[in-house]
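Undergrad: What shape does this take:
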Amino acid sequence: MEALTRPIVLLTDFGTRDQYVGQVKAVIAGIAPASPLIDLFHDVEPYAIDEGAWVLHTSLPLLPANAVVLAVVDPGVGSVRRPLVVSAGGRHFVGPDNGLLSAALQLPGEVRELSTPAWRRPLVSHTFHARDIFGPAAAHLAIGEDVRRAGPPVSDALGLPLFEATPRAMGELHGYVIHVDRYGSLITTVRSHQLFPRFTIEVGGRVVDERVHTFADAAAGRLFCHADSSGFIAIAMNQASAAAELGVRRGDAVVVRSK
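TA: From the prediction side, this is the model:
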């Protein structure tokens with residue numbers, strides 16, 4: 001089995017102040033002790049399925065080719081929403097059927113409901129499926145068990161729309177802030193290739209019309225935009241927080257206008 005061991009990538013909204021991530025890792029280690037564990041991100045805003053889906057979307061090209069991705073942002077835990085395994089591009093993705101796994105669903109592959117009791121802990125909590133269902137399943141897949149054992153095929157898994165700005169009027173695009181990083185930069189759903197040759201961005205009641213390639217190109221104290229490393233437009237400041245300057249939070253509207 002050891003030769004087949006796959007790395008497991010974890011993406012959650014659990015944060016790191018509580019024991020939740022540690023318990024999931026402990027369960028995984030009991031089944032797949034040789035699997036490397038990669039903490040992709042645990043600070044998705046609580047319950048923000050779209051932000052988690054965006055993190056997976058932007059990180060997908062960087063993940064190991066044979067990874068098992070354990071993704072849990074699950075406000076519907078314990079309800080009728082299904083647990084899923086998506087197999088695509090040589091990877092397995094384990095998580096809830098709520099749109100979080102949209103990036104995987106856009107690839108050719110197969111989707112199965114995660115229903116086999118053999119891949120669950122003996123006692124399953126109503127509120128911690130990451131530990132009791134998703135984590136054990138990811139570990140079983142990491143040690144090479146056949147994904148067909150997971151459960152029956154699914155043809156109607158929930159996918160979110162593509163992350164991009166929406167045209168609303170001639171020369172106008174509407175998006176929103178999908179993520180605020182620890183530097184206070186506002187990552188938007190506007191893709192860099194969508195921008196007009198000359199444009200302004202309205203966010204938080206302010207207009208941003210300066211675009212730079214690097215932070216060092218901008219004067220201190222000025223708001224600017226740039227194409228971030230994942231190809232989305234970010235509003236930022238050089239060594240300061242655009243989020244604090246504008247009073248903007250994740251989910252706030254962004255409007256791009258041609259000029």
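
Undergrad: Is Val177 located within a helix, as I assumed?
TA: No: residue state for Val177 (DSSP: H, G, I helix; E, B strand; the rest coil) corresponds to strand; a helix is not indicated.

Undergrad: How many residues are close by it?
TA: Val177 has 26 neighbouring residues, counting by other CB atoms under 10 Å. Any C-beta I mention is one placed from the backbone N, CA and C, and that applies to glycine too.

Undergrad: repeat for Val21
TA: Neighbour tally, Val21, other CB under 10 Å: 19.

Undergrad: With Arg81 instead?
TA: The number of residues packed near Arg81 is 15, by other CB under 10 Å.

Undergrad: Glu245 too?
TA: 18.

Undergrad: and it, what is it in contact with?
TA: Counting by CB atoms under 8 Å, 6 or more residues apart in numbering, Glu245 touches 184, 223, 237.

Undergrad: Name the spans of the stretch 1-150 of the chain whose pLDDT lies under the cut-off.
TA: Scanning the stretch 1-150 of the chain for pLDDT under 70 picks out the ranges 1-3.

Undergrad: quick one, strands of it?
TA: With DSSP state E, counting those that start in this stretch as the criterion, the stretch 1-150 of the chain has strands at 8-12, 37-41, 68-72, 83-88, 91-96, 109-113.

Undergrad: Could I get those in a markdown table, plus columns for distance to Ile133 and mean neighbour count?
TA: Formatted as a markdown table, these follow (distance: least, CB to CB, whole Å; neighbours: other CB atoms under 10 Å):
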| stretch | distance to Ile133 | mean neighbour count |
| --- | --- | --- |
| strand 8-12 | 14 | 24 |
| strand 37-41 | 18 | 16 |
| strand 68-72 | 10 | 28 |
| strand 83-88 | 5 | 24 |
| strand 91-96 | 9 | 27 |
| strand 109-113 | 11 | 17 |
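
Undergrad: Next, format those strands as CSV and append distance to Val24.
TA: Converted to CSV, those look like this (distance: least, CB to CB, whole Å):
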stretch, distance to Val24
strand 8-12, 7
strand 37-41, 9
strand 68-72, 8
strand 83-88, 14
strand 91-96, 11
strand 109-113, 21
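
Undergrad: among these, which is nearest Tyr176?
TA: Between Tyr176 and the strands of the stretch 1-150 of the chain, the tightest spacing by CB to CB is seen for strand 37-41, at 19.3 Å.

Undergrad: circling back to that earlier point, wait, which of the contacts of Glu245 is closest to Ser35?
TA: Gly184 (35.2 Å).

Undergrad: Could you measure from that closest one over to Leu160?
TA: Separation of Gly184 from Leu160 (CB to CB, to the nearest Å): 26 Å.

Undergrad: so Glu202 is in which element?
TA: If you go by DSSP states H and E, Glu202 is part of strand 199-203.

Undergrad: Name the residues that touch that strand?
TA: So strand 199-203 is contacted by 177, 186, 188, 190, 207-209, 225, 233, 235, 246, 248, 252-259 (CB under 8 Å, 6+ apart).

Undergrad: List the buried residues of that strand.
TA: Neighbour-count burial for strand 199-203 flags 199, 201, 203 (criterion: 16 or more other CB atoms under 10 Å).

Undergrad: OK, contacts around the nearest residue to Pro46 once chain neighbours are set aside?
TA: Computed as CB to CB, 6 or more residues apart in numbering, the closest residue to Pro46 that is not its neighbour in sequence is Asp13, at 5.1 Å. When contacts are counted by CB under 8 Å, 6+ apart, Asp13 is found next to 42-48, 52, 72-73.

Undergrad: let's see it at 10 Å
TA: Taking CB atoms under 10 Å, 6 or more residues apart in numbering, we find Asp13 in contact with 20, 41-49, 51-52, 72-75, 100.

Undergrad: how close does it get to Leu246?
TA: Using CB to CB, Asp13 is found at 24 Å from Leu246.

Undergrad: I'd say Ala138 and Leu70 touch.
TA: Yes: counting by CB atoms under 10 Å, Ala138 touches Leu70, with 4.3 Å between them.
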